[in-house]
Each structure stands twice: as structure tokens, then as C-alpha cells.
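K.L.:
Structure for the following, please:
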Amino acid sequence: MRKAVVCLLAACLLLGGCRTQTGGVFHSPESAVSFEVPEETSSAVSSQAGVATSEPGASSSSASSKMETISSQGIAKPRTSSDQTVSKSPSLPKVAHGITYGYNQLTAAEKELYEQMASAIAALEPLISGFDPVNEASLKKVYYCVRADHPEYFWFPPQYNWQYDPTQTGNNIYAVRFRYIKPDKDGNPTDSEFTKAEVASLKPKLDAAVKTMLQGIPGDASDFEKVKIIHDRLIQNTEYVKTTNAYSIYGALVEKQAVCEGYSKAFSHLLSKLGIESPAVRGESIETGEGHQWNLVKIDGVYTHVDVTFDDPLIPGKPDNHVSYHYFGLTDREISSTHRVTGDQYDLPACTSTANNYYKQRELLLPNFESAAQRRLEAEAARAAQAGEASFSVRFTNAAAYQKACRILFTQEQIFSVLAQAGGTINSDTYYQYESGNFNILEIGFAY
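P.N.:
Numbering: from 1, shown residues only. Model (predicted):
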């Protein structure tokens, strides 16, 4: 008996966005460094990008986001020559950097603060001070760039205070305190914090997971092939689940459970190890308005959008080896139909080239559904079936060609002839039709 199963891929993909978190601010604990918080001069802000502005004298506020909550608070305290409450931070070893897309956008003064901040966070130090004073915009830009350039810091502090001198204008921030708070499964701050001993015990597990993910990748593989391998491995080895570590690279690679932020950080770090630049992009799903994170990837000198989370759709019962390529290699214009960049972050390059779109690279971008295009679809079906893959897909350059293909394959049931000729061990009487509704992509799943 012939059987067709239609899977609404678009609805499932939209579930791939990040879940709701609630913002919040915090008060510094008692310590050797005194952070005074006069009510009339304190300011606090939460933002999903960690770079929202706050002015001295503003009231405390919080913002809801769909990713891990980032909270920041400005504390007014005049800095005088006799003020000994904040001294220069202890000297810390300079940390090694991988690919530093954010760092490269900073001024010379901001780069100095970046180095101090990265060293402190790598060592889980609670305080940096003694740097040349900066303004709030520079501090938050540096914080975001360190966070984006170092996804391997799974303990990265989501909350921080800065101390500024209200008697000065412009560059008046002279100390920053961090709290290495753990999130709950919804990304909200908890009462628990990472300790140095705990991180030291967890890091070897992450290092081993990274090594495993990079094994067997040919050194002479093209950038495109390297990106595809990491894209596929991450999807096949990670489940979209909200857990306490789901927002970090540790959740994605060690526990193999993550939300979009964890997918994106793991993708960025693994590609960095292969010498490929892949900065994170923070935004939201246009249809749901939920916060979301994906990546820009530089392939052979050209930037393109890749969303690993949206290529790992939540389809009940889908095979573990199911991989989609709907969001592999999109231009700004293409991804803007489903994604929106939001918040302040580093500058993003324009993505206008289609050269590294998966379907164009694989010669699966079809202008029509005439004889040559039909043969190309049949050949791709045979390749995927004989390789034991879960599905195959093609993309059409226009809606008319896509609709014609659907009519011939499904309404006229020519799909069963395609499956019968494909070979392999597939059941040629059953198929799964993954309907995306975006980009004129036709994806068909096999039954084995």
C-alpha cells in the first residue's frame, strides 16, 4: 500500500527558536572591593544582547528575551586620588584567542580592555580595574565581543556591574565586577555560580568533545565542505532540549542538548578550530517574535548566513540522521523573510552572494521542472538513498517551477517512480514530504 506523510516543516522549524527568559539585575556581594549603590544615582538594565544603554540616574528595569538573560548595572561613585576601594586588578596571563571577529572591530583602547576582560573571565576572576577609564558604550561593546569571540567560556558571566565617576563625563567607568551565575533551563539566573574548581573539572570533557567532533575532517577539504561537515555533525549529535546548560557550548557538545544559543556557539567554536570565521548573530524569528541566534560564516572570503538550529527541525519521529539545508548559505535578503537582526552588537558584513548556498554548490538549484531538472532530481534521490541518508532535497529558483514539481510528483504520483528507481534499501511505497513554505525547497524523506 502506498503511503504519503506530509510533515509541516515550517511550523517545526519555528519551534527551533529560543525559549523565554526573564531579565533581572543583581546587587554586588560583600567583598574587599566596595561597590556603593546610592538609590538616586544607580542605573540598571537587562538586554538580550547585553549592550542596551543605561544612563546615570535611571531607574532599575529589566527586559524579557528569548535567550540567556544578560543583566548589567551602573553604580555611581566618585573616584578620587584618596579612594582606595578599587585597586588595579592582579596581573593575569594573556589568554590565547582563536578567530576574533569582535576584537578586530575595536579601537586600540577597547582592545586593551578586551584583553584584560578576557583574561579575567578565563580565570573566573570577579573584578577588573586599573584600566584607562571608558564610557558605557565601549564597555558593553567589549563585553559583547569577548562573549562572542570566546564561546568556549561556557561559564561566561551573564551579569556584571560597572563603577563610574558621576563627576566626570565621557570616559568615566573605571571598574567592572562579574558574577558567574548559572542559568536555569529557561535561561533565568539562579542562586548558583560556577566555581574555579568546577570549571576545571568540566573543561577536559568539553575539550574531548571538541576533539571528537573534529576527527576525520580532511586537511585539504574546501571551506564549504568543512562547514557542511560541522553543520551535519552538530545536527546529528545534538537534540533541541531546554536544560541548564542548553545555552552554552557545553550543553551542545558534551550533554548533546541545546537551544539555538548553544548550537550557534558550538558551530562558531568548531569552525574557528578549522580556521573559519563564524560570528554569531542575535535576532528573532519574524513569525513568533522569539529571540534567536545563528551565524554568519566566511567561506572562501565571502560571508553567508547559516542557521544550524533551523536546519535541525523538531519533527516527531524524524530519523536521527535527518539533516536539512534550507538555511545553509542564505543572503541577507533571503534570511530576512524569516529572521530579523535585533539589538546592538558588532557590525555585521553584508551577505549578498549566493555562491555558497548549499543548493547552488551541489547543483540542486533548478530553474524549471523540465526533463533535465527531473533527471537531476532523480539522480539526487538515488545518491541519497544509496548513501542511506534520511532525505533528499532540491530548490527551485521560482514558485512556478516548485508548484509544477509538486503537481507532477505528488498529485500525479510520479514520486513513486522516482523512489523505485533510486535503489538502496528504501521502501519505495512510502515517502515523507517536508513542507517548508520558504525558498521553494522540495524535501522528501525516505522510509527504510
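
K.L.:
Enumerate the positions of stretch 134-142 that are buried.
P.N.:
Neighbour-count burial for stretch 134-142 flags 134, 136, 138-142 (criterion: 16 or more other Cβ atoms under 10 Å). C-beta coordinates here come from the backbone N, C-alpha and C atoms, glycine included.

K.L.:
Quick one: mean pLDDT over that stretch.
P.N.:
The pLDDT scores in stretch 134-142 average 94.

K.L.:
now do stretch 103-123
P.N.:
pLDDT averaged over stretch 103-123 gives 95.

K.L.:
Relative to the whole chain's centre, how far out is that stretch?
P.N.:
How far stretch 103-123 lies from its chain's middle: 21 Å, per Cα atoms, centre = their mean, to the nearest Å.

K.L.:
and the closest residue to Glu380 other than its chain neighbours, what does it touch?
P.N.:
Nearest non-adjacent residue to Glu380, counting by Cβ to Cβ, 6 or more residues apart in numbering: Phe392, 5.0 Å away. Neighbouring residues of Phe392 by Cβ atoms under 8 Å, 6 or more residues apart in numbering: 380-381, 383-385, 443-444, 446.

K.L.:
buried stuff in stretch 187-207?
P.N.:
Using 16+ other Cβ under 10 Å as the test for burial, stretch 187-207 gives 187-189, 193-194, 199, 202, 206.

K.L.:
Can you name the two of those residues that sit furthest apart?
P.N.:
Asn188 and Leu206 (23.4 Å; Cβ to Cβ).

K.L.:
With just CA atoms, put stretch 204-224 into PDB.
P.N.:
Output of stretch 204-224 as PDB, limited to C-alpha atoms (Å, rounded to 0.1, in the frame of the first residue of the first chain):
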ATOM      1  CA  PRO A 204      38.500  18.400  29.900                       C
ATOM      2  CA  LYS A 205      35.100  17.000  29.000                       C
ATOM      3  CA  LEU A 206      34.500  19.900  26.600                       C
ATOM      4  CA  ASP A 207      38.000  19.600  25.100                       C
ATOM      5  CA  ALA A 208      37.400  15.900  24.400                       C
ATOM      6  CA  ALA A 209      34.000  16.500  22.800                       C
ATOM      7  CA  VAL A 210      35.500  19.200  20.600                       C
ATOM      8  CA  LYS A 211      38.300  16.800  19.500                       C
ATOM      9  CA  THR A 212      35.700  14.100  18.700                       C
ATOM     10  CA  MET A 213      33.700  16.500  16.500                       C
ATOM     11  CA  LEU A 214      36.800  17.500  14.500                       C
ATOM     12  CA  GLN A 215      38.100  14.000  13.900                       C
ATOM     13  CA  GLY A 216      38.400  12.700  10.400                       C
ATOM     14  CA  ILE A 217      38.000  16.100   8.600                       C
ATOM     15  CA  PRO A 218      40.400  16.100   5.700                       C
ATOM     16  CA  GLY A 219      43.000  18.800   5.900                       C
ATOM     17  CA  ASP A 220      42.600  19.600   2.200                       C
ATOM     18  CA  ALA A 221      38.800  19.800   2.300                       C
ATOM     19  CA  SER A 222      37.400  23.000   1.000                       C
ATOM     20  CA  ASP A 223      35.900  25.600   3.400                       C
ATOM     21  CA  PHE A 224      32.500  24.700   2.100                       C
END
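
K.L.:
Can you mark which positions in that stretch are buried?
P.N.:
For stretch 204-224, by 16+ other Cβ under 10 Å, it's 206, 209-210, 213, 223-224.

K.L.:
Which of those residues fall in helices?
P.N.:
206, 209-210, 213, 223-224 (DSSP state H).
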